[in-house]
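A.B. asks: Sequence and predicted structure below; questions after.
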Amino acid sequence: MTATTTEQETPAASAPTQLTMAGALNAALRDAMAADDRVVVYGEDVGPLGGVFRVTDGLQAQFGEDRIWDSPLAESGIIGTAIGMAMYGMRPVVEMQFDAFSYPAFEQMVSHVAKMRNRTKGRMSLPMVVRIPCAGAIGGVEHHSDSSEAYWTATPGLTVVMPSNPADAYSMLREAIDSDDPVVFMEPKSRYWSKAPISLPVTTAPMDRAVVVREGTDVTLLGYGPTVRTALEAADAASAEGLSIEVVDLRSLSPFDDETVGASVRKTSRAAVIHEAAQFGGYGAEVAARVTERNFHHLAAPVLRVTGFDIPYPSPKLEEHYLPTADRVLAALDTWEWDD
Amino acid sequence: MTATTTEQETPAASAPTQLTMAGALNAALRDAMAADDRVVVYGEDVGPLGGVFRVTDGLQAQFGEDRIWDSPLAESGIIGTAIGMAMYGMRPVVEMQFDAFSYPAFEQMVSHVAKMRNRTKGRMSLPMVVRIPCAGAIGGVEHHSDSSEAYWTATPGLTVVMPSNPADAYSMLREAIDSDDPVVFMEPKSRYWSKAPISLPVTTAPMDRAVVVREGTDVTLLGYGPTVRTALEAADAASAEGLSIEVVDLRSLSPFDDETVGASVRKTSRAAVIHEAAQFGGYGAEVAARVTERNFHHLAAPVLRVTGFDIPYPSPKLEEHYLPTADRVLAALDTWEWDD
Amino acid sequence: MATLSTRQSRSFTLRRDALRAPARWRNIGRMSLNVEHHSVRTLPSEKPIRLLDNAGHAVRGAAAGGFELPELDTLVELYRRMVVARRFDVQVTALTKQGRLATYPSAYGQEACEIGAISAIDAQDWFFPTYRDSIALLTRGIDPGDILQSFRGDWHNGYDQHAHRCASQATPLATQALHAVGMAHAARLRQDPIVTMTYLGDGATSEGDAHEAFNFAAVWQTPTVFLVQNNQFAISVPLSRQTHAVTLADKAVGYGMPGFHVDGNDVAAMYAVTRAAVERARSGGGPTLIEGLTYRIESHTNSDDPTRYRSARDVEHWKRRDPIERLEKYLVSEGALTESLRAEITDAAEDVAAHTRDVMTTEAVLDPLELFDHVYARPRAALLEQRARLEAELADAASDAGREHAGAAR
Amino acid sequence: MATLSTRQSRSFTLRRDALRAPARWRNIGRMSLNVEHHSVRTLPSEKPIRLLDNAGHAVRGAAAGGFELPELDTLVELYRRMVVARRFDVQVTALTKQGRLATYPSAYGQEACEIGAISAIDAQDWFFPTYRDSIALLTRGIDPGDILQSFRGDWHNGYDQHAHRCASQATPLATQALHAVGMAHAARLRQDPIVTMTYLGDGATSEGDAHEAFNFAAVWQTPTVFLVQNNQFAISVPLSRQTHAVTLADKAVGYGMPGFHVDGNDVAAMYAVTRAAVERARSGGGPTLIEGLTYRIESHTNSDDPTRYRSARDVEHWKRRDPIERLEKYLVSEGALTESLRAEITDAAEDVAAHTRDVMTTEAVLDPLELFDHVYARPRAALLEQRARLEAELADAASDAGREHAGAAR
Ligand SMILES: Cc1ncc(C[n+]2csc(CCOP(=O)(O)OP(=O)(O)O)c2C)c(N)n1
Ligand SMILES: Cc1ncc(C[n+]2csc(CCOP(=O)(O)OP(=O)(O)O)c2C)c(N)n1
Ligand SMILES: [Mg+2]
Ligand SMILES: [Mg+2]
């Protein structure tokens, strides 16, 4: 549903077919590798296995081991060598298997990936993409459902994006690979198998723009990745009660599209941001803070955050109690004074 | 000045002497080691050298190598072994030499230090302290002036505190070492040599509380660590112009003292938070978001953030342009509509 | 079945063995933090140390690396443990296929490593396992239900670490090795003669934390035994993409510690070598790195598809090197495996399997509010607020359900 | 002085040497990603390889490790480079004491490592240095002013990496080693026969990234030369707290790559061994780990106080093992160091020192607005807003200053 809203037709597009987000990502990698032989893909299990989520399925068979291969099991090593490859002029696309397994690479990410271009006055840029299958809601055991976006968005120098649907997944990954800036490309695991009809190659809105995926007048819900669906569900439910909800898919977490979001919030005068990560210090804090800073006198109520609790992500049997749901979103809206 | 405001006299206190923050931290470590032989201290250069900031000066001579020693140069190793020590029942206090050099330990911090107690339903707690000489304004070359607090505060399970003055430094470090929760203890490097008259041992407000260090009626400035001084300078300058500024020293970054801050903001109806770190995704976002959420209808203006720019920390010759100053704070307050 | 752990402990006679360490270990330093310890700088044997060959014949001479075959009653006990462990493992894999567990990493085929090494530490020693080492925990006396709480998805860790002196099963690779080193060092500072043992996979040796753990252990001379279970795959990635070293035990050289390359499907060798390393560690001789060369017969976890990256022939090849069958052949040839003993062991194994089925087919009663109770020792106002909110939600849901139920009943 | 780099490049005759690699390297694999390479599993010599002893006599036989003394003109050129480097280093330390630099990590005493190794790579090769390796960058032809921009505090990195094929000087320890491996692998994928060389400190070998770099290089068989400059201290921490290995070169064994333990105060040995490693790497033979055993004569940086952790006697001991004096003795004994050559070298060194003083006593004109210009390739609205704010601030300050100045003038 969101796909069709953000999709823009391109001339060479094939007939639409149902594609999962994992399939769209796979197609994006395939097309990027075919289009530019500087694009190489590596990480843990991306070769013959095709990645633990099968996003790289079939690519090694097609492109060979010099273009896509399994690296030793060491995330700092993966990011560190990708830096060296990018310095040489390649465009490495590397995979961190889960958010929590990107942490060993934190130093390379923060001290080099984010800082190299600035350090060298732009003489050395790092055109690399770090793919992170992200967030939870897949019944994963500990360490398999973290949300790491706040770590990356707090780091100047990183571009951080998260698609919510197959068309964006394709379009944004192509754009990320073409970008001269390093991009943290976060893929919501729980949406990997969601489908949409797509004609490839598809070009949606630019990767740094938010998109209004549903129009409304009373409230703006800001979601990204897995919570765009949550927002849409809440909007559906609320419309039954006569509340008109606008839903914005942020898409780009860093930079933040102040323009699109601001326009929506100034129209509705109320906003809530939804994410899976814990609330305290989460990305929603930045969203709430900057939306408020820039639109304070248009706001009829505080920007709300509907998020995970301030606890480590729970075990599978309890995650349903942790995850923000459409019900929680609606309950949160109820806490506002609705006197106007 | 702030010291006397937060200090509470204890009966056994010695006569006040001028003490630097580094000296107060040294005394706290010394007293904690003397009081509890489970307290051990290690890290890079903490032994004969006494730490690159001399915070552990003389401790190895006094307590011997079995209580304080130089470890191999590996931060993940330091945190990882400290976890094992804490599991055994010791109370390790380890040093990360600078914020940026804690990043190699990020996985151990996020995936274990923060999660162990919850993982084990409280059966295994990790009473350990990770000291981080933090932030900038000391003319340090690249990687020596990062502000890492947003990474830690975004991580449920971590307690994060930052003293701004010698008395708090002593009192909070003692409390952190006594705590059964792991504590990230951040020490603003630029304040290491600031002095205050202190009678040791000193007990100031509990480590999880914010403290009003200067009373005022028109605006609340929220600072922590190095920016408490900035806030006080701004308050001094503003009082000359007839503006009455209240200054709150947050002290505890996680948890956040909603009560003290809320009371101040409801009184003044205006607030700004000041920090060195970049603004986007910084800790100030959480402060602004939660203060707004909880006090929206008391606010006459948006909560402002006066912070570093959204860029990597600059080289020494340019850092003055980056750091938030009292002037910038005052300029920010000027952006508010002051029609009341 | 609640007696499993006690029963296993009671029959645990292994410690009485006076295993002899190789001569080069005799001259060990005494435990003191300031003593200079001799650095070990010997290349591990390229051929894995082996005390029983695949046909179940005792191996002597150079191939045994100076180690001696454990006594027969020790081998019988190791056999019992392996059989029980395998039965448990097979049972859990079956339950996982039935959807009773969120995931389960099987150690089928790795029993010689898993059981040989864990049997070499004493009750006061600590074990730092990975997700793959459930059967070692079982052998250590932890109840199947407690081990499997995490894989069932109830809570991240289900057993009392202090009671069993077993850390939780680490998922972030190689991280637990540092915990083992830290605890060993703490104990040493306290003159508490415990040993810590940790298991790592071949893939995990590539992580920086493995290196840091080896190095800290060697520099601090901690009483730590590292067992690298080289099952030749890290999920789908074969050993050749993980290291260019001839053996993983070779890494020990770079830390100045002894390294042993052992046939990881020979439980006699695994037990003898790890036991010697434990004794060396306990008497102040510092850490040891042991590689057990074995094979992961099952898929990585239930969600894996090994047909994508290895051939059925390879798996068959390794099935013919089964660690249990090997020891069984030897015990039979020695006349140590009577029919009654066999029956007793089978019964014990079936008991464990039955108990595992029982606990895993009973749904645990979970309290969502507990999510907030263990994050911090010191209660936090914000968490109490969130807890109250969830409590209200649950109450609403319950009363909704109650109304619906009442409605339905009417 | 702008001719320093060209002059040095022109007189760079080292590459014409046909240095012979030890026999065990002859049979190297051809460059192809899918070829199986032979794993090297030889213990480095415990005694450091040495071609010139401290008295300046040539060393032959086993102690030379199969390497041959470079030709005389090579040694003269290495001598020249060391003398220039030392003069530069002493000059910068003096300037730092005068407050002209924010910090400066001196390599005084490490010239044989620094200059020997960097002289072994060719123009097309890439170098990945640390903060300590300014004199290697100088030798590589980078202008002192550009090298020192970062230490003066102007900008984080002051030279064009592509032009000199030198990465920026890494501060986060061991991180740059991975960059070197990554670039080498990329080049190899492109059939571009470059070699990457990286320097690490003894302390840095403890970091996880060092391990991951060694391992990736060995598994991928990248053309990378790792030089560990073992100057025996990591700030205040002595080698004995850093490793329990007999030599740091021993670590190579655990990665299946060749390791060499070299006298790091013997530039002849450093050059010969690194050059052989470079040739091996270039011809597809994979990475090499070389340890140069040396000593840091100066403090860690200007803000360090080495009297707290080491004795003056130790420093004196090592001063008597000066790498420049050693080579000088040999060259004199060979009659290769004429007075006119000496004078020429001294002049060159003084030129560099004078140029360094010049550039470091001229304040750079910095534009604070540039802070916003290089963070991203794709401009960001929020950064442009912040830039505009700073621009307004600066304009305000300038007009305030202008008013004050006008006032003062009146
Ligand atoms: C730091 C980290 N990175 C990635 C993973 C994902 N992962 C889980 S198991 C595994 C393979 C581990 O292989 P090995 O160490 O050989 O152990 P085995 O599973 O074979 O027992 C991977 C990549 C992880 N758990 N931790
Ligand atoms: C990851 C990291 N941790 C800590 C530091 C702080 N630090 C800078 S230099 C240094 C010592 C390094 O010693 P060594 O590797 O031997 O190099 P040397 O300075 O002797 O050349 C330390 C601890 C750092 N730069 N990076
Ligand atoms: Mg494995
Ligand atoms: Mg050193």
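C.D. replies: Here it is on my side, so go on. Numbering: from 1, shown residues only, chains lettered A, B, ... in the order given. Ligands and ions are numbered 1, 2, ... in the order given.
A.B. asks: which residue is nearest the centroid of chain C?
C.D. replies: Geometric centre of chain C, nearest residue: C:Asp133, 3.6 Å, by Cα atoms, centre = their mean.
A.B. asks: wait, isn't that residue in contact with C:Ala107?
C.D. replies: Yes. In this structure, C:Asp133 is within contact of C:Ala107 by Cβ atoms under 8 Å, at 6.8 Å. (Glycine included, C-beta is placed from N, CA and C.)
A.B. asks: returning to what we had before: how about the residue nearest to the centre of chain C, nearest residue that isn't a chain neighbour?
C.D. replies: Leaving aside its sequence neighbours, C:Asp133 sits nearest to C:Tyr199 (Cβ to Cβ, 6 or more residues apart in numbering or on different chains; 5.2 Å).
A.B. asks: Okay, buried residues for the helix or strand hosting the one you found please.
C.D. replies: Counting by DSSP states H and E, the element that carries C:Tyr199 is strand C:196-201. Neighbour-count burial for strand C:196-201 flags C:196-201 (criterion: 16 or more other Cβ atoms under 10 Å in any protein chain shown).
A.B. asks: returning to what we had before: quick one: the residue nearest to the centre of chain C and ligand 4, what's the gap?
C.D. replies: Distance of C:Asp133 to ligand 4, computed by Cβ to the ion, to the nearest Å: 38 Å.
A.B. asks: Would you mind stating the distance between that residue and chain D?
C.D. replies: C:Asp133 sits 23 Å away from chain D, taking Cβ to the nearest Cβ, to the nearest Å as the criterion.
A.B. asks: That residue: what's it in contact with?
C.D. replies: Counting by Cβ atoms under 8 Å, 6 or more residues apart in numbering or on different chains, C:Asp133 touches C:107, C:114, C:118, C:169, C:199.
A.B. asks: for the closest residue to C:Glu334 other than its chain neighbours, phi and psi?
C.D. replies: Excluding the flanking residues, the one nearest C:Glu334 by Cβ to Cβ, 6+ apart is C:Leu72, at 6.2 Å. Reported as degrees, to the nearest 10, the phi and psi values for C:Leu72 are phi -60, psi -40.
A.B. asks: C:Leu72 - how many residues pack around it?
C.D. replies: Number of residues near C:Leu72 (other Cβ atoms under 10 Å in any protein chain shown) recorded here: 13.
A.B. asks: just checking, it touches C:Ala336?
C.D. replies: Yes. Look at C:Leu72 against C:Ala336 with Cβ under 8 Å: they come within range, at 5.2 Å.
A.B. asks: Okay, now the unreliable bits of chain C?
C.D. replies: Scanning chain C for pLDDT under 70 picks out C:1-37, C:405-410.
A.B. asks: Over to chain A?
C.D. replies: Across chain A (using pLDDT under 70), the flagged ranges come out as A:1-13, A:339-340.
A.B. asks: hmm, try it at 90
C.D. replies: The model of chain A has pLDDT under 90 over residues A:1-15, A:337-340.
A.B. asks: Tell me where the longest strand sits in it.
C.D. replies: Longest strand in chain A, counting residues (DSSP state E): strand A:271-278.
A.B. asks: Could you confirm whether any residue of that strand contacts chain B?
C.D. replies: Yes. Applying Cβ under 8 Å from any Cβ of the partner chain, one finds strand A:271-278 touching chain B at A:277-278.
A.B. asks: continuing past that strand, what's the next helix or strand?
C.D. replies: Next helix or strand after strand A:271-278 toward the C-terminus (DSSP H and E): helix A:283-295.
A.B. asks: which parts of that next one are buried?
C.D. replies: Buried positions in helix A:283-295, judged by neighbour count with 16+ other Cβ under 10 Å: A:283-293, A:295.
A.B. asks: of those residues, list those near chain D.
C.D. replies: Okay, of the buried residues of helix A:283-295, nothing touches chain D (Cβ under 8 Å from any Cβ).
A.B. asks: quick one: which of these is nearest to D:Ala392?
C.D. replies: Minimum distance to D:Ala392 across the buried residues of helix A:283-295 is 18.2 Å, recorded for A:Glu293 (Cβ to Cβ).
A.B. asks: At the contact with chain B, which residues of the stretch 201-340 of chain A appear?
C.D. replies: Residues of the stretch 201-340 of chain A lying near chain B (Cβ under 8 Å from any Cβ): A:254, A:256, A:277-278, A:280-286, A:288-290, A:292-293, A:296-297, A:299, A:301-305, A:310-312, A:337.
A.B. asks: If anything else comes up later, I'll come back, but that's it for now.
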